[in-house]
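Trainee: Here is a sequence with its predicted model. Questions after.
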There are 2 protein chains.
Amino acid sequence: MVTETKPETRQMCAPVENKQPDACTVREVLDRVGGKWSISIIVETSRGPVRFTELERKVEGISRRMLTLNLRQLERDGLLTRKVYPTVPPKVEYEATPMARELYDSLMTLTTWAERHGAEIAAARAEYDALAESAAAPA
Amino acid sequence: MVTETKPETRQMCAPVENKQPDACTVREVLDRVGGKWSISIIVETSRGPVRFTELERKVEGISRRMLTLNLRQLERDGLLTRKVYPTVPPKVEYEATPMARELYDSLMTLTTWAERHGAEIAAARAEYDALAESAAAPA
DNA sequence: CCCTTGGGTCACCCTTGGTAACAGTGCCCA
DNA sequence: TGGGCACTGTTACCAAGGGTGACCCAAGGG
């Protein structure tokens, strides 16, 4: 996601009736948070108010534009608060809302999954690649 | 993600030391599963072996190519097993591994989050849009 | 004059995903 | 004999979006 905030592209998960627990609700969350930067931003802002430039430095690798775009999106979804101090030079502080912190906690279960299975995945990948290679170079 | 399986684009989460719980581990998971179709495929294959064409029909909207690509990726990561029956016409069955089902369970916590805060998000968005609009049309 | 902060805007590129068409392999049917 | 079908892919081509870097602005302070 992270577009220039078009009016309403987000479609409401079709009238599929949850054939299974969901799959589509998950996608909604991922659309919000699946971007390259959202998570990092949520992490940084979860520890207290952070200024724009500060974020720019901490997130590392993010461009000014994407930072702006992501902040806007997160703010729009109510995951971030934006507080402007009309000083000069301007000062703007971003902070995660409780909702965002909760989301972050939920994401942590993914982390534990990744930690549990990191080795397994690496092994699977190694094996797969090995097989693919030997298939490519037959004799 | 879901590229044509380039050798090793995946970078190993930089030597940042986990400044915070993670943020980068999460991103690794999302890189695997953040694609448009991965979740749906995992869901469908979690209920037992599914054939290629069957998946093509069930996932609805997915193209042949993307299905193949996603299946390959998931198989490579050890989230799916691929079983070929040398019959004619060919028959290939895909099935989620226990690891994938576990991942799916973890993703469920995101679902519960989404359900808890769906209304809140919608409200925040409405408010944000209203403000933006009134700012755009001043008098 | 140039520095600062918090953006906006523009031009561009690369990745993601979509469409469509073709391939291979046996079967059935005329 | 040969055409078409079903099934699983593959390949080539293309559009859209995500992401980047560079430059612009405002307003005060050194």
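Mentor: Arrived safely, thanks for sending.

Trainee: Burial check on A:K91, number of neighbours?
Mentor: Look at A:K91: counted by other C-beta atoms under 10 Å in any protein chain shown, it has 13 neighbours. C-beta: built from backbone N, CA, C; applies to glycine.

Trainee: how about it, what does it touch?
Mentor: A:51, A:84-85 (C-beta atoms under 8 Å, 6 or more residues apart in numbering or on different chains).

Trainee: And the strands in chain A?
Mentor: Applying DSSP state E to chain A gives strands spanning A:50-51, A:80-85, A:91-96.

Trainee: Return the list of helices and strands in contact with the first one.
Mentor: Pointing back at strand A:50-51 there. Other helices and strands packing on strand A:50-51, by 3 or more C-beta pairs under 8 Å, 6 or more residues apart in numbering or on different chains; DSSP states H and E, are strand A:91-96.

Trainee: which of the residues in the strand it packs on are buried?
Mentor: Within strand A:91-96, the residues scored as buried using 16 or more other C-beta atoms under 10 Å in any protein chain shown are A:93-96.

Trainee: try stretch A:98-107
Mentor: When neighbours are counted by 16+ other C-beta under 10 Å, the buried residues of stretch A:98-107 are found to be A:99-100, A:103-104, A:106-107.

Trainee: Same list, the contacts of A:K91, but as JSON lines with pLDDT, distance to B:Q73 and neighbour count please.
Mentor: Formatted as JSON lines, the contacts of A:K91 follow (pLDDT from 0 to 100; distance: C-beta to C-beta, whole Å; neighbours: other C-beta atoms under 10 Å in any protein chain shown):
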{"residue": "A:R51", "pLDDT": "94", "distance to B:Q73": "39", "neighbour count": "14"}
{"residue": "A:V84", "pLDDT": "93", "distance to B:Q73": "43", "neighbour count": "9"}
{"residue": "A:Y85", "pLDDT": "92", "distance to B:Q73": "46", "neighbour count": "10"}
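
Trainee: Output those residues as CSV; include the columns distance to B:W113.
Mentor: Below are these laid out as CSV (distance: C-beta to C-beta, whole Å):
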residue, distance to B:W113
A:R51, 28
A:V84, 29
A:Y85, 32
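
Trainee: closest to B:A122 among the residues you listed?
Mentor: Checking these against B:A122 with C-beta to C-beta, the nearest one is A:V84 at 24.7 Å.

Trainee: Does that closest one touch A:E75 like I think?
Mentor: No: using C-beta atoms under 8 Å, A:V84 makes no contact with A:E75, being 11.7 Å away.

Trainee: Now the common contact residues for the two.
Mentor: Here A:V84 and A:E75 share no contacting residue, scored by C-beta under 8 Å, 6+ apart.

Trainee: re the thing from before, which of the buried residues of stretch A:98-107 come close to chain B?
Mentor: A:99, A:103, A:106-107 (C-beta under 8 Å from any C-beta of the partner chain).

Trainee: of these, closest to DNA strand C?
Mentor: If you rank those by distance to DNA strand C using C-beta to the nearest atom of the strand, A:L107 comes first, at 19.3 Å.

Trainee: Quick one: residues contacting the closest residue to the closest one other than its chain neighbours.
Mentor: For A:L107, ignoring the flanking residues on the chain, the nearest one in space by C-beta to C-beta, 6 or more residues apart in numbering or on different chains is B:V26 at 5.2 Å. Going by C-beta under 8 Å, 6+ apart, B:V26 touches A:39, A:107, A:110-111, A:114.

Trainee: so which of these is the most crowded?
Mentor: With neighbours taken as other C-beta under 10 Å, the top of these is A:L107, carrying 25 neighbours.

Trainee: Which residues are in contact with it?
Mentor: By C-beta under 8 Å, 6+ apart, the residues touching A:L107 are A:33, A:39, B:26, B:110.

Trainee: List phi and psi for the residue in chain A that DNA strand D sits nearest to.
Mentor: Relative to DNA strand D, the nearest point of chain A is A:K36 (3.1 Å; C-beta to the nearest atom of the strand). Main-chain torsions, A:K36, degrees, to the nearest 10: phi -70, psi -20.

Trainee: In chain A, what helix or strand scores lowest on average pLDDT?
Mentor: Lowest on mean pLDDT, DSSP states H and E among the helices and strands of chain A sits helix A:24-33, with a mean of 85.
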